[in-house]
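Peer 1: predicted coordinates and the sequence they were generated for:
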Amino acid sequence: MSASELREVEHEIAISAPAADVYRLIADVANWPRIFPPTIYVDHLERSGNEELIRIWATANGEPKNWSSRRVLDPDALRITFRQQVSTPPVASMGGTWIIEPQDETTSRVRLLHDYTAVDDDPASLKWIDEAVDRNSRSELAALKSNVELATAAEELTFSFEDTIEVEGSAKDVYDFINEAGLWSERLPHVATVRLTEDTPGLQTLEMDTRAKDGSTHTTQSYRVCLEGRKIAYKQTTLPALMNLHTGYWTFTDTGTGCTASSQHTVVLRPENIEKILGPEAGVAEAREYVRSALSTNSCATLGHAKAYAEARR
């Protein structure tokens, strides 16, 4: 394969939803961590008309990566083109197009095109990219199909909430406490053990055993994106039995007299496990309350300890 050659691949899927609805879901990158399994977090760097520069953190073959892409949105043609600005090795270049084609009023075909090259045209690297693109494309299209077609059910099963506290201390100190999750087993009573790796600055893999109210422990793994003292976004990849998805973020804002710190959660419930976990009388409402209480209890406890940490350093 010469340096000028591109590997070009295409994946497609049929979706039982109007093409315009599918386009809107893809166009809004805020949805991506929820609807695309590999995506951890997406941040807007620039926006101008129908063009935008976004930074994406996602897993490729189980490894967390990040890159920036420029996108051009064409809502009339139902097309979105993208091109990575600076690719992460072993990728030398990467781009492509989303094409949404209406089949009739209620169905559509989604085509996902990629073109790419490998660093130094290394065959092993190209094979790695082939596998990552194929796996992620199939995963993204299947998730897109599921999320669009089950929109009504997903609305009932999906919910978000946020806890916020006022701190008489600096946002930086609160951020440091949340960022230094490797110390949580020493600092937080509800964390039994913790394993934190950060091979790329600002991109963490966090695995921990957390104690529940009844004394039991459960293990979770998350990827975390740490954004320069202002935000830490995360996506859990190992989940408790009641959740199909859990994403969230911590935010930190100086107020002049101190700061505010918030913990936000977005959850998609796993309905088939509700009766097994909560009993035959429980439904979606009870599961929502149970999960919200568990997550809020832990995040508020963490915020409380972060508050004490920051105020002691004021």
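Peer 2: Now that the structure is in, tell me what you want to look at.

Peer 1: quickly list the domain ranges of this structure.
Peer 2: According to automatic domain parsing, the chain comprises the domains 7-149, 155-312.

Peer 1: now Tyr290: closest residue in space that isn't a chain neighbour?
Peer 2: Setting aside the residues directly before and after it, Tyr290 is nearest to Leu278 in space (CB to CB, 6 or more residues apart in numbering), at 6.1 Å. Every residue, glycine included, has its C-beta placed from N, CA and C.

Peer 1: does the one you found touch Val284 like I think?
Peer 2: No: proximity of Leu278 to Val284 does not meet the contact threshold set by CB atoms under 8 Å, at 10.5 Å.

Peer 1: burial count for Glu180?
Peer 2: Here the neighbour count serves as a burial measure; for Glu180 (other CB atoms under 10 Å) it reads 12.

Peer 1: I meant Arg47, not that one.
Peer 2: Residues near Arg47, counting by other CB under 10 Å, number 11.

Peer 1: what residues sit buried inside the strand or helix carrying it?
Peer 2: Element membership of Arg47 [criterion: DSSP states H and E] is strand 39-48. By neighbour count on 16 or more other CB atoms under 10 Å, the buried set for strand 39-48 is 39-43.

Peer 1: what packs against that strand?
Peer 2: Applying 3 or more CB pairs under 8 Å, 6 or more residues apart in numbering; DSSP states H and E, one finds that strand 39-48 contacts helix 32-35, strand 51-60, strand 217-227, strand 231-238.

Peer 1: TSV please, covering these and showing mean pLDDT and distance to His190.
Peer 2: Converted to TSV, the helices and strands packed on strand 39-48 look like this (pLDDT from 0 to 100; distance: least, CB to CB, whole Å):
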stretch	mean pLDDT	distance to His190
helix 32-35	86	24
strand 51-60	93	26
strand 217-227	92	9
strand 231-238	95	16
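
Peer 1: of the ones you listed, which stretch is the most buried?
Peer 2: Between the helices and strands packed on strand 39-48, helix 32-35 has the highest mean count of neighbours, a mean of 22, where neighbours are mean count of other CB atoms under 10 Å.

Peer 1: quick one: contacts for Ile165?
Peer 2: Each residue near Ile165 by CB atoms under 8 Å, 6 or more residues apart in numbering is listed here: 260-262, 300, 303-304, 307.

Peer 1: contacting residues around Leu45?
Peer 2: For Leu45, the contact set (CB under 8 Å, 6+ apart) comprises 53-55, 68.

Peer 1: check what pLDDT it gets.
Peer 2: The predicted local distance difference test score for Leu45 is 94.

Peer 1: same check, this time on His246
Peer 2: pLDDT, read off for His246, is 94.

Peer 1: just the strands from the stretch 101-250 of the chain, written as ranges.
Peer 2: With strands called from DSSP state E, counting those that start in this stretch, the stretch 101-250 of the chain shows them at 108-118, 158-167, 191-200, 203-211, 217-227, 231-238, 243-254.

Peer 1: now render those strands as TSV, adding distance to Val148.
Peer 2: Shown next, in TSV, are those (distance: least, CB to CB, whole Å):
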stretch	distance to Val148
strand 108-118	9
strand 158-167	13
strand 191-200	33
strand 203-211	29
strand 217-227	25
strand 231-238	20
strand 243-254	16
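
Peer 1: so the helix or strand hosting Thr97 versus strand 108-118, what angle?
Peer 2: Under the criterion of DSSP H and E, Thr97 resides in strand 91-102. Relative orientation of strand 91-102 and strand 108-118, computed by axes from the mean of the first three to the mean of the last three CA atoms, to 10 degrees: 170 degrees.

Peer 1: what lines up beside strand 91-102 in the sheet?
Peer 2: Taking DSSP bridges as the criterion, strand 91-102 pairs within the sheet with strand 79-86 (antiparallel), strand 108-118 (antiparallel).

Peer 1: and the contacts of it?
Peer 2: Under the criterion CB under 8 Å, 6+ apart, residues 6, 18-19, 22-23, 26, 67, 78-84, 87, 108-120, 129 lie in contact with strand 91-102.

Peer 1: which of the residues you listed count as buried?
Peer 2: The neighbour-count criterion (16+ other CB under 10 Å) marks 18-19, 22-23, 26, 67, 78-84, 87, 108, 110-118, 129 among these as buried.
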